[in-house]
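Enquirer: give the three-dimensional model of this entry:
(2 chains)
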Amino acid sequence: MFLNGIEQLLRRKIVLIAGIAALIFLGFYWWGISAASSAFDKGELTSWDEEAQTVVSMLRPADAALAAIITAGPLAATLITALAVVLGSSMLPEEISRGRMPFWLSLPQSRLRVYSMISLAPFAVSLGLALLLFGGILAITRLYFPFTSRNLILAFFSMILWLGVVWSCVTALSIILRKVASMVITFFLAGLASMFGGVYELMMMFPGEAPAALVTVARVTMFVFPADRGFRGVLYGIIPVDAAVTENMAFFGVTAEIPPEHLMYGAVWALLLLWLGYLRFRKMDF
Amino acid sequence: MREEPVILVSEISKSYRKVRALRDLDLTVNCGTSFSLLGPNGAGKTTLMKILLGLVRPDSGKAFLSDHPVSSPLARKGVRFLPESVTFPDWASPAILFKQLERIRGEASREDFDRRCTELDCIHLIDRPVGKMSRGQRQRVALSMVTAGSPSLVFLDEPSSGLDPAGRILVRNLIRRLSTEGSTVMINSHLLGEVERTCDRAAFISEGRLMAEGDIDTLSRQKGLALVSTADPDPMRAALSAMGFSCRPAEKGITADLPDPSHFPALTASVVETGIGFTGVTLLREDLEEVFLRIMGEQHPGDGSFS
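Expert: A predicted model of the protein is given here:
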C-alpha cells in the first residue's frame, strides 16, 4: 500500500516540479556560495571601514557557513512545507473521490493499515525532498566553508518531527474538512508558527525584555502547532559548532537549543492528530 | 455447491440519515453458489454487498464471511470485489495495477492474471495505460485483475457494465467458470437476462427487505402455457383448437393454454395425433424478468410501476 502510494505520487507533476525546483534552488545556492567563497578568500571585504574590517577579521569560514545556512534554510523549508501540504491534503481525499477506497478496503487489510500506509506516502516524499534540500545545502556549504555541524542526528529527528506535524495536521484535516480548507489552514498555521517561533527565539535572547502578551501568544502558537520547533531543531542541528558568532553568543548565555520536551510534545501532537484523522476514517462508509 | 455457508447475514439493518437502506435482513449463501442480488434501484443491494466487504458499517445485526465477522481483515482473505465504478490512475497499465494489487493480497501470480486476460480477450491491453482505454476495455481489465487466481468468494457489482455483447458473453462464461472452479460468486446486476444465464440462486430485495430467496428455477412459476415448436403453426393451431385446446400463434410455433400442468401428457398426445411435424412441446415458465415483476408487484399491489 505504501509502495503503491509512493509509485503514484512520483508520477505526479507537482512532485516532478518540486524536485526540479529543489535542484534549481541548490544550483543557485552553489553559485552564490562559490562566489561568496571567492570573495572571502580574496579578502574583497577589506574595502570597508576600519571597524568593519576588525569584525570581518574575526570571522572564520564557519561564520560564513552559518550565515549561508540561516539564510537558505527557511527558503528551503517553504518549498518543503508547500509540497507536504499539497500532497498530504490530496492523497486520501483523492483515493476516496476516485472510488478506489472500496477497492483497497475490500482487500485483506485493516482500515488502520489502509489509512496509515496511504497517508504515509506523502510524508515519505516530503521527507525525501527535505533530505535532498538540506543535505544539498549542507554539502555545498561544507565544500566551500569547512565546518562541523552541531548535531546532525538531532537535525534528522527534528526534520521528521517538523514534517510529521505538518503532515499529520493536513492529513487529519483532509479527512474531516475539504481538501482546499485543509491546505489553507495547515499552510496558515505553518506560517504563523514559523513567525512566532522566530519571535520566540529572539525573545529568549533578551529574557524579561519582551512584552508578556507577546510571549504568551508565541507560546500558545507553538502549543497549537509545534512544527516550528522541529524546523528550528533542523537548523540548530546543522549550523556550525565552530563559528565565532556561535561561540560569542554562547559566552553571553545565548545558545541555539530546542528543549527535548518541545520535540517530544511535537511528536505526541502529531500522533494525536493522526489518530483523530483515523477515528474519522474508521467511521466512514464507502 | 456445498451445504456450507460462506456468507451469513443475520438481522442486518442500516440507515443513511432518514433513509432505511436495510431492515432486519437475513441471508445465507452456500459455498460454490453463483448468487444474484436483485431489486429496484435503492433497494439496498449495494449496501448489503458493501456491508459484507466491511465498507459500510451496519447499525445492527451481524454478518460473517467464512465464519469471520466482516469487520475483520481475515474475512476478506480470498475475497475479491469489483465495484461498479472505480477509476484507476490514467498512467498505470494493467500490469502495474496487478503488481500493486498483489503486493497487498498476494493471492495470484502473473500467469493467473495473463490467463484471465486471455479469457476476457484483453491480453493485448496489458501494458497499455488505463487512460488510453475505453470504458469496456477498462472493465475487462478490472475483471481480470479481480478474478485472477482461485478466489474463494467474488463480489461483482454490475460486472457487465459498459461491455459490448461479445464482452457480456465473455463475462457470462467467466462467471460460470468461476463457479465450476469452486468459487462463490455474488452478483449485483440489473441485467436479468445475464443473471438468469449465470446464477443458480437469487435474492429479491425491496426497500431494504428480503422479499424472496431461492433457486432461480424454483422461484420461477409455471405460466399455464405450453409451447409447441413447429414449422407449420397454422395447421397445428387449427388441429389443436379442434381438439379443444385454446391456442395462439407464437414466435417459433404456437402456445396452448394449460391451466393445469397435469394436462400436459394429453396435449403431447394430441400434438402427435395431429400428424403435423413438430420439434418439441415445452411447459413454459416465467423468465427472471417476469419473476422480478411479479415479486416486486406483490410488494407494491396496485402500483403500476412493477406491472
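Enquirer: give me every residue in chain A lying close to chain B.
Expert: If contact is defined as C-beta under 8 Å from any C-beta of the partner chain, the residues of chain A in contact with chain B are A:1, A:3-4, A:7-8, A:11, A:98-111, A:113, A:283, A:285-286. All C-beta atoms are positioned from the backbone trio N, CA, C, and that covers glycine.
Enquirer: what's the PyMOL syntax to select whichever of those are buried?
Expert: Here the buried members of the residues of chain A next to chain B are turned into a PyMOL selection, burial being counted by 16 or more other C-beta atoms under 10 Å in any protein chain shown:
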select buried, chain A and resi 1+4+7+8+100+101+102+103+104+105+106+107+108+109+111+113+286
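Enquirer: next, the residue in chain A that chain B sits nearest to: phi, psi?
Expert: In chain A, no residue comes nearer to chain B than A:S106, which is 3.7 Å away by C-beta to the nearest C-beta. As for A:S106, its main-chain torsions (degrees, to the nearest 10) stand at phi -80, psi 0.
Enquirer: quick one: it and B:V79 touch, right?
Expert: Yes. Taking contact to mean C-beta atoms under 8 Å, the distance of 6.9 Å between A:S106 and B:V79 places them in contact.
Enquirer: overlap in contacts of those two?
Expert: Common contacts of A:S106 and B:V79, defined by C-beta atoms under 8 Å, 6 or more residues apart in numbering or on different chains, comprise B:L53, B:F155.
Enquirer: sorry, back to before: what bridges to the closest residue to the residue of chain A closest to chain B other than its chain neighbours?
Expert: Counting by C-beta to C-beta, 6 or more residues apart in numbering or on different chains, A:S106 lies nearest to B:F81, which is 3.7 Å off, once chain neighbours are set aside. Here B:F81 sits in beta bridges with B:F155, as judged by DSSP bridges.
Enquirer: what's the local residue count around B:F81?
Expert: B:F81 sits with 24 neighbouring residues when counted by other C-beta atoms under 10 Å in any protein chain shown.
Enquirer: isn't it up against B:P159?
Expert: No. Applying C-beta under 8 Å as the test, B:F81 and B:P159 come out as separate, 11.0 Å apart.
Enquirer: B:A203 is in contact with B:I216, correct?
Expert: No. Proximity of B:I216 to B:A203 does not meet the contact threshold set by C-beta under 8 Å, at 10.7 Å.
Enquirer: looking at these two, which has the bigger crowd around it?
Expert: Relative neighbour count places B:A203 above the other of B:I216 and B:A203, with 23 against 20, counting by other C-beta under 10 Å.
Enquirer: separation between B:L82 and chain A?
Expert: In this structure, B:L82 and chain A are separated by 8 Å, where distance is defined by C-beta to the nearest C-beta, to the nearest Å.
Enquirer: sorry, that was for B:A43
Expert: Computed as C-beta to the nearest C-beta, the B:A43 to chain A distance reads 17 Å.
Enquirer: can you get me a residue count around B:V19?
Expert: Counted with other C-beta under 10 Å, residues neighbouring B:V19 total 11.
Enquirer: same question, A:F28
Expert: That count, for A:F28 with other C-beta under 10 Å as the rule, works out to 12.
Enquirer: likewise the one 5 residues further on?
Expert: Using other C-beta under 10 Å, A:I33 has 22 neighbouring residues.
Enquirer: what of A:A62?
Expert: Using other C-beta under 10 Å as the criterion, A:A62 is surrounded by 23 other residues.
Enquirer: does B:M49 touch B:I187 like I think?
Expert: No. Counting by C-beta under 8 Å, no contact exists between B:M49 and B:I187, whose distance comes to 9.5 Å.
Enquirer: neighbour-wise, which of these two wins?
Expert: More neighbours surround B:I187 than the other of B:M49 and B:I187, with 27 against 23 (other C-beta under 10 Å).
Enquirer: kindly export the strand or helix carrying the more buried one (C-alpha atoms) in PDB.
Expert: Here B:I187 is covered by strand B:184-188, with elements defined by DSSP states H and E. Listed next in PDB are the C-alpha coordinates belonging to strand B:184-188 (Å, rounded to 0.1, in the frame of the first residue of the first chain):
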ATOM      1  CA  THR B 184     -18.800 -18.500  -4.700                       C
ATOM      2  CA  VAL B 185     -19.900 -15.600  -6.800                       C
ATOM      3  CA  MET B 186     -22.300 -12.800  -5.700                       C
ATOM      4  CA  ILE B 187     -23.500 -10.500  -8.400                       C
ATOM      5  CA  ASN B 188     -25.400  -7.300  -8.200                       C
END
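Enquirer: give me the low-pLDDT residue ranges for the chain?
Expert: No chain was given, so I picked chain A. Segments of chain A classed as low confidence (criterion: pLDDT under 70) are A:41-49, A:52-53, A:55-57, A:246-256.
Enquirer: the intended chain is chain B.
Expert: In the prediction, chain B carries residues with pLDDT under 70 at positions B:1-2, B:299-307.
Enquirer: middle-most residue in it, spatially?
Expert: Centre of chain B computed as the mean C-alpha position; nearest residue by C-alpha atoms, centre = their mean is B:V195, 3.0 Å away.
Enquirer: wait, that one touches B:S189, no?
Expert: Yes. With contacts counted by C-beta under 8 Å, B:V195 reaches B:S189, the gap being 5.5 Å.
Enquirer: mind listing the shared neighbours of the two?
Expert: Taking C-beta under 8 Å, 6+ apart as the contact criterion, the common neighbours of B:V195 and B:S189 are B:S36, B:L38.
Enquirer: those helices in the chain, which residues are they?
Expert: Let's take chain A. Taking DSSP state H as the criterion, chain A carries its helices at A:2-9, A:13-42, A:50-58, A:61-97, A:101-105, A:111-144, A:152-176, A:179-205, A:212-224, A:227-238, A:244-251, A:260-282.
Enquirer: the intended chain is chain B.
Expert: Counting by DSSP H, chain B forms helices over residues B:45-52, B:94-105, B:110-119, B:135-147, B:165-180, B:192-198, B:216-219, B:233-242, B:264-274, B:288-299, given from the N-terminal end onward.
Enquirer: what does chain B put close to chain A?
Expert: Where proximity means C-beta under 8 Å from any C-beta, the interface of chain B facing chain A comprises B:16, B:50, B:53-57, B:73-74, B:76-77, B:79-81, B:83, B:85-89, B:91, B:96, B:100-101, B:103-105, B:155.
Enquirer: give the bridge partners for B:I7, please.
Expert: Judged by DSSP bridges, the bridge partners of B:I7 are B:V29, B:L65.
Enquirer: how about the one 5 residues further on?
Expert: According to DSSP bridges, B:L25 are recorded as the beta-bridge partners of B:I12.
Enquirer: that one reaches B:G44, doesn't it?
Expert: No. With contact taken as C-beta under 8 Å, B:I12 and B:G44 are classed as non-touching, separated by 9.4 Å.
Enquirer: what do those two both touch?
Expert: Between them, B:I12 and B:G44 share the contacting residues B:L22, B:L25, judged by C-beta under 8 Å, 6+ apart.
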